[in-house]
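A.B. asks: Provided below for reference: sequence and predicted model.
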Amino acid sequence: MTVSYENSFENCAIYLPALSFGYARFAHGGSFRRPLPFAAQDLNFLDPQSKLFHYPWALFSAGQAAKSIHENDPPTIVSARDRSRSIVVGDSGGYQVQTGKITYRGPETVRRMMRWMQANTDFSMVLDFPTGGIKSGQIATHTERLRKEGHGPLIEQGAASNRQAEDFNAALVQTSLNNQQFVVERTPGATKFLNVLQGRTEAESKAWYEHVKHYAFEGWSFAAGHREDFSLLLQRLIDLRDDGLLENAQWVHILGKSELDLACLYTVVQRAVRRHIHSALQFSFDSASHSLMSANYQVYCGAFLDQKGWSMVGTGVGDASLVGSQQGLGDYLGSGVLKLPRTREAEFGYRPRFHAADTAVSRQVTVGDVCVDAAKRNPWDTASFDLVANHNIEALVQGMKLAHQTFFHPSDELRIPPRARIVRDIIDMVFTSDQPDKLIRECRHALKH
């Protein structure tokens, strides 16, 4: 019987696995070239009829799809899904544009990304230019381009006003230009856009917020430092509350993080917002951890949940000696191949708490279904990567579910990492304080997760 996780995250921030374009296309219209116990279409976890598992949420990036998609391309599990039974959030591809993986051609690129998100996703990030590219020098190229296009005075005015670096202001100017184009050219009702807030420090975050807060989109997305520095996240949420900009928001997304304790802290934030500001506002967060693991021939074994830290852990399954093995993948992963790091070795007063993943793929395929070609240094084929990606996604979903059950169960208090307990308690205080700004400043160090 297919396991559905549709009702497993009530009143929780929702984890969105970031889909690759290849996986999304193959799981809709592909076929395995060798015998396996299920069809390629069962990899489509957005489909309630999947014979593996059902999970109705995902993130899909325009940076993954729009750069190569054409009008007559075959559909994907995102474009062909039942939108009444699933929610897909669209990332605008700003990172790929900023880094040059997608050639930036001004309004043409912005329009292409926007139209793709409108056609495919329910909520979508506007096309921001991330501040993460400042230190690496990637923004500098765009700063020079913007000056050549006549936007130098805007950059200089911003720098004089907010006292931040020119490259920061170039990213902010380009994001504002893109926001303006979205406002003018969007198709009402096609998707709901999220205003992206960037910033690595409080000063950058505040300057960015003040510059873009007037754009009337349907929700908010937090990037850069906001993802794990809760002083930034909480301060901006308080600003949004005080400016009356949360009451009508429909979605809040946190970009690119999926650590188990962070996931539970995002839920703490959501529940505080629901109690004090907006009773139905949904938070979500994403990562591509599952595909990054499989790209490195790594398979999730399960999760550690104890006072020494919470984490998903995996092991390599890429040895040519495993070709032809009839051992079940789940049995193999549970057979002791996972080596405990030194920090997890049992000692006086401590026993590691490991929870093995039990996924549909690991129950149905063998190790030999993953490792298939002994002639290759790494014996996986294309199907192997898709099988392991699906396993890793379900393992992550199971980890998220177990983490929430543990975090919010009174008897498991001592299993929560001490730092996470501190951040949790401060979050609750911030939303009831009559001086939240002062409280956040005083607790800034403790709120850096």
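C.D. replies: Perfect, I can see it now. Numbers count the residues shown, from 1 in each chain.

A.B. asks: quick one: low-confidence parts of the stretch 201-350 of the chain?
C.D. replies: 345, 348-350 (pLDDT under 70).

A.B. asks: hey, where'd the strands end up in the stretch 201-350 of the chain?
C.D. replies: With DSSP state E, counting those that start in this stretch as the criterion, the stretch 201-350 of the chain has strands at 219-222, 251-254, 282-287, 298-306, 309-316.

A.B. asks: Glu204 reaches Asn169, doesn't it?
C.D. replies: No: at 10.0 Å, Glu204 does not count as touching Asn169 under the criterion of C-beta atoms under 8 Å. Quick note: C-beta positions are derived from backbone N, CA and C, even for glycine.

A.B. asks: For these two, indicate the residue with more neighbours.
C.D. replies: Asn169 (27 against 23; other C-beta atoms under 10 Å).

A.B. asks: which residues sit against the helix or strand hosting that one?
C.D. replies: Using DSSP states H and E, Asn169 maps to helix 166-185. With contact meaning C-beta atoms under 8 Å, 6 or more residues apart in numbering, helix 166-185 is reached by 94, 98, 107, 110-111, 114, 126-131, 133-134, 139-140, 142-143, 146, 151, 154-156, 158-159, 162, 193, 195-196, 198, 204, 207-208, 211-212, 215-217.

A.B. asks: what sits against the residue nearest to Asn296 when sequence neighbours are not counted?
C.D. replies: Of all residues not flanking Asn296 in the chain, Gly316 sits nearest, at 7.8 Å (C-beta to C-beta, 6 or more residues apart in numbering). Contact analysis of Gly316 by C-beta under 8 Å, 6+ apart lists 296-299.

A.B. asks: Kindly state the beta-bridge partners for Gly316.
C.D. replies: Gln298 (DSSP bridges).

A.B. asks: so where's the stretch 1-150 of the chain uncertain?
C.D. replies: For the stretch 1-150 of the chain, applying pLDDT under 70 flags the ranges 64-73.

A.B. asks: can you pull out the strands in it?
C.D. replies: Using DSSP E, counting those that start in this stretch, strands in the stretch 1-150 of the chain cover 3-4, 14-19, 53-54, 57-61, 87-91, 123-125.

A.B. asks: of all those, which lies closest to Phe407?
C.D. replies: Comparing these against Phe407 with C-beta to C-beta, the closest turns out to be strand 14-19 (13.8 Å).

A.B. asks: Check which helices and strands that closest one sits against.
C.D. replies: Under the contact criterion of 3 or more C-beta pairs under 8 Å, 6 or more residues apart in numbering; DSSP states H and E, strand 14-19 touches strand 57-61, strand 282-287, helix 382-407.

A.B. asks: between that strand and strand 57-61, how many degrees?
C.D. replies: Angle, strand 14-19 to strand 57-61, by axes from the mean of the first three to the mean of the last three C-alpha atoms, to 10 degrees: 40 degrees.

A.B. asks: Any idea how far strand 14-19 is from the middle of the chain?
C.D. replies: Taking the mean of its C-alpha atoms, strand 14-19 sits 5 Å from the chain's own mean (C-alpha atoms, centre = their mean, to the nearest Å).

A.B. asks: still on that earlier bit, which positions in the helix holding Asn169 come out as buried?
C.D. replies: 166-179, 181-182 (16 or more other C-beta atoms under 10 Å).

A.B. asks: Kindly present the strands of the stretch 1-150 of the chain as a markdown table, with separate columns for distance to Asp306 and mean neighbour count.
C.D. replies: A markdown table is the format used below for the strands of the stretch 1-150 of the chain (distance: least, C-beta to C-beta, whole Å; neighbours: other C-beta atoms under 10 Å):
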| stretch | distance to Asp306 | mean neighbour count |
| --- | --- | --- |
| strand 3-4 | 25 | 16 |
| strand 14-19 | 21 | 25 |
| strand 53-54 | 26 | 20 |
| strand 57-61 | 28 | 25 |
| strand 87-91 | 32 | 26 |
| strand 123-125 | 35 | 28 |
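
A.B. asks: hey, where'd the helices end up in the stretch 51-200 of the chain?
C.D. replies: 62-65, 94-98, 107-120, 138-148, 152-162, 166-185 (DSSP state H, counting those that start in this stretch).

A.B. asks: Any idea which of those helices gets closest to Asp239?
C.D. replies: Ranking the helices of the stretch 51-200 of the chain by proximity to Asp239 (C-beta to C-beta) places helix 152-162 first, at 14.9 Å.

A.B. asks: Now do the closest one: which elements does it pack against?
C.D. replies: Short answer (3+ C-beta pairs under 8 Å, 6+ apart): helix 152-162 packs on helix 138-148, helix 166-185, helix 202-212.

A.B. asks: So what touches the last one?
C.D. replies: The one in question is helix 202-212. Here helix 202-212 makes contact (C-beta under 8 Å, 6+ apart) with 131, 158, 162-164, 168, 172, 175-176, 179, 195-199, 224-226, 231-232, 235-236, 239, 444.

A.B. asks: ok, for Leu245, nearest residue in space, not its chain neighbours?
C.D. replies: Leaving aside its chain neighbours, Leu245 sits nearest to Lys213 (6.3 Å; criterion: C-beta to C-beta, 6+ apart).

A.B. asks: Distance-wise, check that neighbour relative to Ser136.
C.D. replies: Here the criterion is C-beta to C-beta, to the nearest Å. By it, Lys213 lies 27 Å from Ser136.

A.B. asks: which of these two has more neighbours?
C.D. replies: Lys213 (16 against 10).

A.B. asks: I figured that one was touching Asp243, is that so?
C.D. replies: Yes: at 6.5 Å, Lys213 and Asp243 qualify as touching, with contact defined as C-beta under 8 Å.

A.B. asks: Which positions are bridged to the residue positioned nearest the centre of the chain in the beta structure?
C.D. replies: For the chain, the residue nearest the mean C-alpha position is Asp286 (1.3 Å; C-alpha atoms, centre = their mean). For Asp286, the beta-bridge partners are Leu16 (DSSP bridges).

A.B. asks: Adding distance to Lys339, write the helices of the stretch 51-200 of the chain out as TSV.
C.D. replies: Below are the helices of the stretch 51-200 of the chain laid out as TSV (distance: least, C-beta to C-beta, whole Å):
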stretch	distance to Lys339
helix 62-65	33
helix 94-98	33
helix 107-120	41
helix 138-148	37
helix 152-162	49
helix 166-185	42
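
A.B. asks: Of these, which is nearest His290?
C.D. replies: Short answer: helix 62-65, nearest of the helices of the stretch 51-200 of the chain by C-beta to C-beta, at 14.0 Å.

A.B. asks: Sweet, I'm off.
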